[in-house]
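In: this one's structure only:
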């Protein structure tokens, strides 16, 4: 007996009743939607969320929001203790503690009797999370950090995995009307766009309707800035400044809002030249160690570099610095590219790109390795001109391959290429 598949479900826009968004904080946090909060550890993301939670439990407005009936908050927090950190922060912010619930564990069917359970997983345990939202009459769900609550089969760096995990969470938010904040740490990549600075797949911020950044104020080390990264639902809001002030009689801080500021996420994440150069050094050191055991497929190298926090373009530059050799195996769609460190014999090495030899490091005439003045392929000197030879052995630098000290000016690294011992076999 054949089974007829149900017809496709079409909804004509003329049959849809329009609704207005409900903003908890205009342009930043909307009911029934996902908001992503990015930032480095220790800058006050969780303390700021404790302030937002306290305001919701009291029915008071969030910054640039509207107040209303006191509502509940559900917390999924994997990094802070309930007794010594989370409750004191909420108390310092003036929260109604009876309206804040922490979902700390769900039953594990595979565990023995008496087992306390395990952390909730997204999307596997969304039914338990939804029940907690209803029980607490929650207007806000905080997942801090998101990576800790992704299911074991979810690769945070795979776009397809992330979208499969967050699509059901998006549906839960729409179904319950809860505003969801997903907390994420920044990666080590030096990207020119704030959208790419959060850890994991780009699909994470793709699923969020609003993206926010907490960063230190470059003009005042005591201040923090909450700046928009993405706003799909409304005009991007202004950045807001706040300060973390000590809560009397406690070891925690509370938030003091200071109003609007002109800072942008892009400017807050801009990297000084010396920091960008340091990131390049780190990537070169990582790649040298990674290839130390032998050739590796290029696609695996890029994937592992991302997990280590190195951007693809930085790894490509490191590959040129180390003069990594690329070979192709096979033909057509089954062909593979493999990377390997060059032969240790200087005479057998091909000429380095841009005039840089990874075993001698840069000379003062080579130009910056990572700057925009003399990019690779444009020549080794300033403004793309060929480098002027420098007397060998004048000054010292660091070998980009082994990290050891070596003379500059074309002298081989003594660690990577020790002097020949008379009478020894070559």
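Out: Now that the structure is in, tell me what you want to look at. None of these values were measured; they are calculated from a predicted model.
In: What about residue 101, how many residues nearby?
Out: Neighbourhood size, residue 101 [other C-beta atoms under 10 Å]: 17. C-betas here are computed from N, CA, C, even on glycine.
In: Going along the chain, name the helices of the stretch 251-400 of the chain.
Out: Using DSSP state H, counting those that start in this stretch, the helices of the stretch 251-400 of the chain run over 265-268, 273-290, 298-307, 312-321.
In: chain center to the last one, what's the gap?
Out: Think helix 312-321. How far helix 312-321 lies from its chain's middle: 19 Å, per C-alpha atoms, centre = their mean, to the nearest Å.
In: ok so, going back, could you redo the helices of the stretch 251-400 of the chain as a markdown table and give each row mean neighbour count, distance to residue 242 and mean pLDDT?
Out: Output for those, formatted as a markdown table (neighbours: other C-beta atoms under 10 Å; distance: least, C-beta to C-beta, whole Å; pLDDT from 0 to 100):
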| stretch | mean neighbour count | distance to residue 242 | mean pLDDT |
| --- | --- | --- | --- |
| helix 265-268 | 18 | 14 | 91 |
| helix 273-290 | 18 | 25 | 74 |
| helix 298-307 | 16 | 32 | 89 |
| helix 312-321 | 20 | 32 | 84 |
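In: TSV please, covering those and showing distance to residue 153.
Out: Converted to TSV, the helices of the stretch 251-400 of the chain look like this (distance: least, C-beta to C-beta, whole Å):
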stretch	distance to residue 153
helix 265-268	32
helix 273-290	26
helix 298-307	16
helix 312-321	25
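In: nearest to residue 17, of these?
Out: Nearest to residue 17 among the helices of the stretch 251-400 of the chain is helix 265-268 (35.2 Å), distances taken as C-beta to C-beta.
In: Out of the helices and strands in this structure, which is least certain?
Out: In the chain, the helix or strand scored least confidently by mean pLDDT, DSSP states H and E is strand 396-398, which has a mean of 48.
In: Of the helices of the stretch 251-400 of the chain, which is nearest residue 335?
Out: Nearest to residue 335 among the helices of the stretch 251-400 of the chain is helix 298-307; the distance by C-beta to C-beta comes to 11.1 Å.
In: any idea which element the closest residue to residue 257 other than its chain neighbours lies in?
Out: Once flanking residues are discounted, residue 257 sits nearest to residue 242: 5.0 Å by C-beta to C-beta, 6 or more residues apart in numbering. Taking DSSP states H and E as the criterion, residue 242 maps to strand 239-246.
In: My understanding was that residue 136 contacts residue 98; is that so?
Out: No: Residue 136 sits out of contact with residue 98 when judged by C-beta atoms under 8 Å, with a separation of 9.7 Å.
In: of these two, who's got more company?
Out: More crowded of residue 136 and residue 98, by other C-beta under 10 Å: residue 136, with 22 against 9.
In: Break this structure down into its structural domains.
Out: Per automatic domain parsing, the structural domains of the chain span 13-268, 273-407.
In: Next, give phi and psi for residue 107.
Out: In terms of degrees, to the nearest 10, the main-chain angles of residue 107 are phi -60, psi 140.
In: got the contact list for it?
Out: By C-beta atoms under 8 Å, 6 or more residues apart in numbering, the residues touching residue 107 are residue 117.
In: Quick check: it vs residue 120, distance?
Out: Between residue 107 and residue 120 the computed distance is 10 Å (C-beta to C-beta, to the nearest Å).
In: where does this protein have low pLDDT?
Out: 1-2, 190-192, 271-279, 332, 343-426 (pLDDT under 70).
In: Just to check, the residue nearest to residue 257 is in contact with residue 259?
Out: No: contact criterion C-beta under 8 Å: residue 242 and residue 259 do not qualify, at 9.1 Å.
In: on that earlier part again, and residue 3, which of the helices of the stretch 251-400 of the chain is closest to it?
Out: Nearest of the helices of the stretch 251-400 of the chain to residue 3, taken as C-beta to C-beta: helix 298-307 at 41.5 Å.
In: if we can go back for a sec, quick one: residues contacting the residue nearest to residue 257.
Out: Neighbouring residues of residue 242 by C-beta under 8 Å, 6+ apart: 44, 48, 223-226, 255-258.
In: Now render these as a markdown table, adding distance to residue 103.
Out: Listed next are these as a markdown table, based on distance: C-beta to C-beta, whole Å:
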| residue | distance to residue 103 |
| --- | --- |
| 44 | 23 |
| 48 | 21 |
| 223 | 33 |
| 224 | 27 |
| 225 | 30 |
| 226 | 25 |
| 255 | 24 |
| 256 | 29 |
| 257 | 28 |
| 258 | 33 |
